[in-house]
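Colleague: Sequence and computational prediction follow.
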Amino acid sequence: MSNRLLEIENLTTSFRIGDGYYAAVDNVSLTVNRNEVLGIVGESGSGKSALAFSIMRLHNRAKIEGKINLEDTDLVKASTNELNKLRGDSLSMIFQDPLTALNPLMEIGAQIGETLVLHRPQMSKKQRYDRVIELLNLVGIPRPEHVYQQYPHELSGGMRQRVVIAIAIANKPQLLIADEPTTALDVTIQAQILDLIHKLKEEMDAGIILITHDLGVVAEMADRVAVMYAGEIVEVAEVHTLFENPLHPYTRSLLNSVPTEGQDKLHVIQGIVPSLKNLPRTGCRFAARIPWIDESAHEENPVLHEVSPGHYVRCTCHSKFYFPEEGKEGEANGAS
Ligand SMILES: Nc1ncnc2c1ncn2[C@@H]1O[C@H](COP(=O)(O)OP(=O)(O)OP(=O)(O)O)[C@@H](O)[C@H]1O
C-alpha cells in the first residue's frame with residue numbers, strides 16, 4: 001500500500017467579489033502521507049483556511065479548479081452524496097472554535113453518537129454508547145459517563161475542544177484537518193490537545209494537516225511544513241530543514257519575528273497580506289514587503305525550485321535577501 005494519502009495538484013479556489021473571481025488559493029500543489037503531520041503556516045489572510053475548506057469541499061460559492069485526490073477519490077469532482085459519505089468518516093476536520101462547532105442544545109454523548117449513526121448505521125445502541133464512552137476516554141475526558149449527559153456550556157473550553165476532537169475521530173478518519181485547533185485555548189490546555197493530536201496520528205496511522213500561525217506549534221508537531229503567502233505556497237520542507245535553513249524571505253521574516261533568548265531586536269514584517277482584489281497576480285507576491293531588495297532579484301514568473309531533496313522555495317529573491325538590520329553581509333544566508 002502506498003504511503004501517499006492526499007495529493008493536491010494545481011488547486012485554485014476563487015471567490016466572487018463584485019463582478020469577478022479572485023483566487024484565495026492559487027495553483028497550490030501539496031501531498032500528505034499516512035502517519036504524517038503537514039503543518040501549514042502563514043499570516044492571517046494567506047489562504048490557509050480557504051485551502052482547508054477546499055479539501056473538505058465546504059465552500060458554498062467558490063470556484064474550485066485542480067485536483068484533490070484523497071486516495072482514489074478526486075474530491076473536486078466528487079458528488080454531494082460521495083462527499084457526505086466521506087466527511088466525518090475518512091475525512092474529518094477540527095474547527096477553530098469549539099463553541100460554535102458544537103450544538104448547544106444537544107447532550108455531548110448524542111453529539112458524538114450522531115456521527116456514528118450517520119456512518120455506522122449497523123451499530124446497536126449499546127455498541128454506540130460504548131464507542132462514545134471509549135472516545136471520551138481516548139480524548140482524556142474524566143468521568144465520561146457523566147459528561148455523556150452534559151451540555152457544551154457545562155464544560156470548559158479545553159474539554160469542549162476534546163469533544164470536538166472525539167467527534168472528528170469517531171470514525172477513524174484517514175485525513176484529519178486541524179485548523180488552529182488550540183487558538184481558543186490557554187497554554188497548558190494547548191499542550192495537552194497537541195499531545196492528543198500527536199498520539200492520534202500514531203494510533204490511527206492518519207495523515208494530519210495542521211493549520212496554525214504559531215511556529216512553536218509547528219516545530220513541535222509537524223513532520224513537514226508548507227509556508228503560505230497570498231494564496232501561494234512559498235516554501236515546503238521537512239520541519240528541521242525549515243527551522244535550520246529557512247530560505248524564502250517570508251519564512252525568514254516569520255521566524256525572525258518570534259522572540260528568542262538574547263535577541264534584543266525583532267524583525268517586524270511591514271505591511272499586511274494584500275486583500276484578494278489587490279493581490280499582484282504577476283511577479284513575486286512578497287516583493288512589495290521587502291522593498292530594499294533590488295527588483296532584479298525577483299523572477300518574472302516565480303515558481304517553486306527544489307533546492308535540496310524535498311526542500312522547495314519560490315522565486316530566486318531568496319538568494320539575494322538580507323534583513324535591513326543586518327546589512328548586506330547577511331545576504332544569501334544559507335541559500336544554495
Ligand atoms: N467566502 C469568501 N469570500 C470572499 N473572500 C474570502 C472568503 N473566504 C476567504 N476570503 C478571502 O480569502 C483570503 C484568504 O482567507 P483565509 O481565511 O483562507 O486566510 P487564513 O490564512 O486562513 O487566515 P486566518 O489565519 O485569519 O484564518 C482573504 O483575503 C479572505 O478575505
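Modeller: Cool, got the structure.
Colleague: CA only for contacts and neighbour counts going forward, please
Modeller: Fine.
Colleague: just the helices in the protein please.
Modeller: Ranges of helices within the chain are 48-56, 80-86, 98-101, 108-119, 125-138, 144-148, 157-169, 187-204, 215-221, 239-244, 249-256, based on DSSP state H.
Colleague: These: which one's closest to the ligand?
Modeller: Closest to the ligand of the helices of the chain, according to C-alpha to the nearest ligand atom: helix 48-56, at 3.5 Å.
Colleague: and residue 129, how many neighbours?
Modeller: If you count neighbours by other C-alpha atoms under 10 Å, residue 129 ends up with 19.
Colleague: and if you look at the one 3 residues further on?
Modeller: Other residues near residue 132 come to 26 when the count uses other C-alpha under 10 Å.
Colleague: Quick check: it vs residue 152, distance?
Modeller: Plainly put, residue 132 is 16 Å away from residue 152 if you go by C-alpha to C-alpha, to the nearest Å.
Colleague: And for residue 274?
Modeller: 37 Å.
Colleague: Looking at the two, which is more packed in?
Modeller: Shown here are residue 274 and residue 152; by other C-alpha under 10 Å, residue 152 has more neighbours (23 against 16).
Colleague: dump the residue contacts of that one.
Modeller: By C-alpha atoms under 8 Å, 6 or more residues apart in numbering, the contact list for residue 152 reads 99, 102-104, 106-108, 160.
Colleague: need these in CSV with distance to residue 53, can you?
Modeller: Below are the contacts of residue 152 laid out as CSV (distance: C-alpha to C-alpha, whole Å):
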residue, distance to residue 53
99, 19
102, 18
103, 20
104, 23
106, 25
107, 27
108, 25
160, 22
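Colleague: Tell me which of the helices of the chain sits most buried.
Modeller: Of the helices of the chain, the one with the most neighbours on average (mean count of other C-alpha atoms under 10 Å) is helix 157-169, at a mean of 25.
Colleague: Next, name the residue at the spatial heart of this structure.
Modeller: Central residue of the chain (C-alpha atoms, centre = their mean): residue 211, 2.4 Å from the mean position.
Colleague: Tell me the bridge partners for it.
Modeller: residue 40, residue 179 (DSSP bridges).
Colleague: Make sure it is actually in contact with residue 41.
Modeller: Yes: applying C-alpha atoms under 8 Å as the test, residue 211 and residue 41 come out as touching, 6.2 Å apart.
Colleague: What pLDDT is listed against residue 333?
Modeller: pLDDT for residue 333: 49.
Colleague: residues contacting residue 105?
Modeller: residue 151.
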